[in-house]
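Q: Predicted model follows, preceded by the sequence.
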Amino acid sequence: MRITVLGKSPAWQDAGGACSGYLVQDGDTCVLVDCGSGVFAQLRRVVDYLDVDAVVVSHMHGDHFLDLVPYACALSFAPRQQPAAVAGWPGTDEPARPQLLVPPGAIDVLATIGRAGGQPRLFERAFAMREYDVAETAEVGTLRARFQPVPHYVPTNAIELTSRDGGGRYTFGADHRPTDALVEFAAGTDLLMLEATLPRPERRGPRGHMTPAEAGEHAAACGARRLVLTHISDELDEDWALAEAARSYAGPLEIAKAGAVYTV
Ligand SMILES: [Zn+2]
């Protein structure tokens, strides 16, 4: 299983970067985990967007789903998706329609966005869309996805991907405040990607994110074999963030970089 970081920015993009997006490939199976702002352009640098089997979304914050808008437009309006020959493209009776697995309640959110843009059925026409059940194991090609609700500002799910053909476990924590739910879900995982959004805990209101130190504590508690800090701004000093996480976590540790590839 190959995991390519397409974007690792938090809710505001790094200079030249993209928000949350991770491409997972296993043989011929291709799954995009999250499709935040800026991810579609990065996806196009790595694979043909028609070859993605499924997009799986952790939660409905813009930095995790907003590039479903250009993705749906590409699937709807790209010349090679049209039924008649046009501009050198032969035409097709079977336009690509990737699966779109979204969290419970997300179809209403997408319908609202579609209506606001005058295209109420944009997403349901472009994708084979459904809301996943957080208790299910979803199968896409050779990949299996499991979900774990984690505490954030809106319903949010950590996502685990494994291959039916063997190999390791990839666990993406999505966005969350410190939580034992993630520690149990990710126990013993091979590759753990955890958000490290904040330089210090929120000063007021409910918590929704973690610091690099807290990400390190979670990785140590669940015995992850490798930790990658993500959802972290290029405005936060990398050496400082790594040192904070390393106070608790002694295993291999790095900060996600756009274009980085991990194999498990
Ligand atoms: Zn979020």
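A: Good, I have the coordinates. Keep in mind that what you see is a predicted model, and the values were worked out from it rather than measured. Residues are numbered from 1 along each chain as shown.
Q: use CA for all of it now, contacts and neighbours both
A: Noted.
Q: ok, now which ones touch residue 69?
A: Residues near residue 69 by Cα atoms under 8 Å, 6 or more residues apart in numbering: residue 123.
Q: 10 Å - rerun?
A: Residue 69 makes contact with 35, 36, 37, 40, 110, 113, 114, 122, 123 under the criterion Cα atoms under 10 Å, 6 or more residues apart in numbering.
Q: Check the secondary structure at the nearest residue to the last one once chain neighbours are set aside for me.
A: Of all residues beyond its chain neighbours, the one nearest residue 123 is residue 72 (5.9 Å), with distances taken as Cα to Cα, 6 or more residues apart in numbering. Per DSSP: H, G, I helix; E, B strand; the rest coil, the local secondary structure of residue 72 is helix.
Q: hang on, residue 72 packs against residue 113?
A: No - look at residue 72 against residue 113 with Cα atoms under 10 Å: they stay out of range, at 11.9 Å.
Q: Tally up the residues packed near residue 203, please.
A: 7 (other Cα atoms under 10 Å).
Q: show me where pLDDT drops low in the protein?
A: For the chain, no stretch has pLDDT under 70.
Q: now the helices for it?
A: Secondary structure of the chain by DSSP state H: the helices cover 39-46, 62-65, 68-77, 106-116, 122-126, 180-185, 212-222, 238-246.
Q: Please convert those to JSON lines, extending it with distance to residue 167.
A: Shown next, in JSON lines, are these (distance: least, Cα to Cα, whole Å):
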{"stretch": "helix 39-46", "distance to residue 167": "22"}
{"stretch": "helix 62-65", "distance to residue 167": "27"}
{"stretch": "helix 68-77", "distance to residue 167": "29"}
{"stretch": "helix 106-116", "distance to residue 167": "31"}
{"stretch": "helix 122-126", "distance to residue 167": "32"}
{"stretch": "helix 180-185", "distance to residue 167": "18"}
{"stretch": "helix 212-222", "distance to residue 167": "19"}
{"stretch": "helix 238-246", "distance to residue 167": "26"}
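Q: between those, which one is nearest to residue 99?
A: For the helices of the chain, the distance to residue 99 is smallest for helix 122-126, at 9.3 Å, taking Cα to Cα.
Q: outside of the closest one, which residues touch it?
A: Contacts for helix 122-126 (Cα under 10 Å, 6+ apart): 68-69, 71-77, 95-100, 107, 110-111, 113-115, 129-130.
Q: Pull out the buried members of the residues you listed.
A: 68-69, 71-72, 74-76, 95-100, 107, 110-111, 113-114, 129 (16 or more other Cα atoms under 10 Å).
Q: Now distance to residue 239 too, for the contacts of residue 69, in TSV please.
A: Listed next are those as TSV, based on distance: Cα to Cα, whole Å:
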residue	distance to residue 239
35	28
36	26
37	26
40	29
110	39
113	39
114	42
122	43
123	41
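Q: Mind picking the one among the residues you listed that's closest to residue 244?
A: Looking across the contacts of residue 69 and measuring by Cα to Cα, the closest to residue 244 is residue 36, at 26.6 Å.
Q: Tell me who's in contact with the nearest residue to the closest one once chain neighbours are set aside.
A: The shortest distance from residue 36 to any non-neighbouring residue, by Cα to Cα, 6+ apart, is to residue 64 (3.8 Å). By Cα under 10 Å, 6+ apart, residue 64 lies in contact with 7, 10-11, 19-21, 33-39, 57-58, 174-175.
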